[in-house]
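Colleague: based on what follows, work out the 3D shape:
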Amino acid sequence: MRIRTRFKRAATAIALAAAAQAAIALDIGLAGSTGNLQYPWDQTTPSTKDAFPASNYFWGGEAWLSAPLGEDASVRLSYERDPVLRNSAIAAVQFERGIAKISVGPLFGFLNSDSSAFSAGISASVRLQWPGVAYVSMRSDGGTAISILQADADPQARTELAAGFYVPNAIVSGLVSAKRFNELDSDDKLVTDSLTRYAMTIDVFKKNVPYTALFSIGYELRSKRYEASDTTDSLGAVMLGLDASAQIDPALKLLGSFSTGAYVFGLDDLKDRGPDTSTFLFSANLGLSIDLAAIKFPPKAERRMAKDESVEKPQAVAPAAPVEQPIVKEEPKDEPQAEAGVKHGLSISTAAGLYYDSYPLSGSILDVLNAITNLRAGLWADCLLPIKGGLEAGGELGVFYMTVTEDTTNTSISVLDIPLRAKLSYKIGKLGLEAFAGLFTSSIIASTYSVGLGIDAGGRIKLGGLYAEGDYVFGLGDQESLPRFGLGDAIKL
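Modeller: Model prediction:
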């Protein structure tokens, strides 16, 4: 009896230890998202509005939990509320060894529509990689025809194809993805909501730097087809985006993303009924993840140390320890200076200043002051990597609010400026010289003017946080070509 009791206690202790170890190794994440560039879920008939509205706000997000199953395997449970795929949950087992990473598990959709209150499917992904050289990946989420549980087979479907190659401190990738959701209207006719995306991404990272940034530019096609009327509402959009992460400490990581439609237009039955040029269409995401394995729990160790110190009080007075402590502390003083010069990698700055937008000036001093005191404020994220000496190369993505002097009436209008540029930088002490070139996009916030697209090139002189810059915009389409000049102050976050 005693042997059995001891065996049961040992088995229970092992089980509790395993459960405790699994709980400690959990990775937990939570993110929220919003945006206004999607079709409403309850829209089952074609749009009758004169223009696609900017009031179709969506609130969603994602929650996940992952834990290791061994040396090469892990399990991940996740829930996602997506603008197209709606509510879905996935329980996937992931295997990674050598050049291959495989994930597979059941997919469940629920509370998405009256016609498909519940659906089931399979989520599977495969990634083949040659670390440091190239990779290719594929993901497919699809339904299984369980007619007892769902009115229409395969209501949710997703496919992603990606391939990329490594360059120093970055991965350049091409991506093609598609999402689709099927539902039935009140007359049992099919309504299909879909999103197709083509994009190029640059994933920037650096060893021992706790920040990462992923820049993206691409084209997206959103459509909603109504079988009952044989019509399709479609929107095309040139999209710019930035995804960033920051490792606050070993256990906590912040995640964020922002993308905007630089140029959005109507297609099919929404042709000539696209969004007004004054509308601002976007999507944003903010979240965090917590690695419980990286959290230190030292209560027992602290108690033991306290007991040891109380027993060995005479040894604590030894003069050698306090004398050597300053010497030990001087080494970390040199480390920040070695790392302080390493300003390469992701850097986020906020800037504000005055701007001149090149519109013709009249002889009136008031008109001159009105034209050269336009406000420009916002932030940009840049990533610079060392080449040689003080020369660095990289890119920057910014979001700026500007007031611009209107040509004919000499009044100010509000403009959102989103530059995406490649950049060269040369630093001599506190003096910095920068040259940049890239994509110019702007949208009038409160006017009937169209969205502007162009290519801009210019330079910037920086002295500490103060800067002076100038660039020339080569307009595309209806966008006017113009020079721009500005002064301001930038503060690194």
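Colleague: mind listing the helices for this protein?
Modeller: Secondary structure of the chain (DSSP state H): helices at 2-24, 299-311, 320-340, 365-372.
Colleague: lowest average confidence across the ones you listed, which one?
Modeller: Among those, helix 320-340 carries the lowest mean pLDDT, a mean of 44.
Colleague: show me the contacts for residue 419.
Modeller: Counting by CB atoms under 8 Å, 6 or more residues apart in numbering, residue 419 makes contact with 380, 396, 397, 398, 400, 438, 439, 440, 441, 456. In short, each C-beta sits where N, CA and C put it, glycine included.
Colleague: show me what the fifth one is bridged to.
Modeller: When assigned by DSSP bridges, residue 400 has beta-bridge partners residue 378, residue 417.
Colleague: try the second one
Modeller: Counting by DSSP bridges, residue 396 is bridged to residue 382, residue 421.
Colleague: then residue 219?
Modeller: Taking DSSP bridges as the rule, residue 219 bridges to residue 198, residue 238.
Colleague: next, count neighbours for residue 401.
Modeller: Residue 401 has 14 neighbouring residues, counting by other CB atoms under 10 Å.
Colleague: surely it touches residue 379?
Modeller: No. Using CB atoms under 8 Å, residue 401 is not in contact with residue 379, being 10.3 Å away.
Colleague: in stretch 202-220, what's buried?
Modeller: Within stretch 202-220, the residues scored as buried using 16 or more other CB atoms under 10 Å are 202-206, 209, 211-218, 220.
Colleague: excluding sequence neighbours, find me the nearest residue to residue 165.
Modeller: Of all residues not flanking residue 165 in the chain, residue 134 sits nearest, at 4.5 Å (CB to CB, 6 or more residues apart in numbering).
Colleague: picking that back up, just the closest of the contacts of residue 419 to residue 271, please.
Modeller: Checking the contacts of residue 419 against residue 271 by CB to CB gives residue 441 as the nearest, at 22.2 Å.
Colleague: the closest one and residue 221, how far apart?
Modeller: Distance, residue 441 to residue 221, by CB to CB, to the nearest Å: 19 Å.
Colleague: neighbour-wise, which of these two wins?
Modeller: Per other CB under 10 Å, whichever of residue 441 and residue 221 has more neighbours is residue 441, with 22 against 15.
Colleague: how far away is the nearest residue to the more buried one once chain neighbours are set aside from residue 234?
Modeller: Leaving aside its chain neighbours, residue 441 sits nearest to residue 262 (3.8 Å; criterion: CB to CB, 6+ apart). With distances taken as CB to CB, residue 262 is found 18 Å from residue 234.
Colleague: who's more crowded, those two?
Modeller: In terms of neighbours (other CB under 10 Å), residue 262 is the more surrounded of residue 262 and residue 234; the figures are 21 against 18.
Colleague: surely the more buried one touches residue 452?
Modeller: No. Judged on CB under 8 Å, residue 262 makes no contact with residue 452 at a distance of 9.1 Å.
Colleague: which neighbours do those two have in common?
Modeller: When contacts are counted by CB under 8 Å, 6+ apart, residue 262 and residue 452 are jointly contacted by 441, 443.
Colleague: so where's the stretch 251-400 of the chain uncertain?
Modeller: Low-confidence segments of the stretch 251-400 of the chain (pLDDT under 70): 296-346, 349-350, 352-374.
Colleague: and the chain, what are its domains?
Modeller: Residue ranges for the domains of the chain, per automatic domain parsing: 24-294, 345-492.
Colleague: mean pLDDT for those domains: which is lowest?
Modeller: Ranked by mean pLDDT, the domains of the chain bottom out at domain 345-492, with a mean of 74.
Colleague: could you pull out the strands for the stretch 51-200 of the chain?
Modeller: 58-68, 73-82, 86-97, 100-110, 118-130, 134-143, 156-167, 170-184, 190-204 (DSSP state E, counting those that start in this stretch).
Colleague: mind putting the ones you listed in CSV, distance to residue 485 included?
Modeller: As requested, these are arranged in CSV below (distance: least, CB to CB, whole Å):
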stretch, distance to residue 485
strand 58-68, 39
strand 73-82, 43
strand 86-97, 48
strand 100-110, 50
strand 118-130, 46
strand 134-143, 43
strand 156-167, 34
strand 170-184, 32
strand 190-204, 29
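Colleague: need phi/psi at residue 53.
Modeller: Note on residue 53: its backbone torsions stand at phi -80, psi 160 [degrees, to the nearest 10].
Colleague: list the residues that contact it.
Modeller: By CB under 8 Å, 6+ apart, the residues touching residue 53 are 275, 279.
Colleague: also residue 140?
Modeller: Counting by CB under 8 Å, 6+ apart, residue 140 touches 123, 124, 125, 158, 159, 160.
Colleague: let's go with 6 Å and repeat that
Modeller: Applying CB atoms under 6 Å, 6 or more residues apart in numbering to residue 140 gives the contacts 124, 159.
Colleague: now do residue 31
Modeller: Taking CB under 6 Å, 6+ apart, one finds 61, 62, 285, 287 in contact with residue 31.
Colleague: equivalent analysis for residue 284, please.
Modeller: With contact taken as CB under 6 Å, 6+ apart, residue 284 is in contact with 34, 258.
Colleague: who's it bridged to?
Modeller: Going by DSSP bridges, residue 284 forms beta bridges with residue 34, residue 258.
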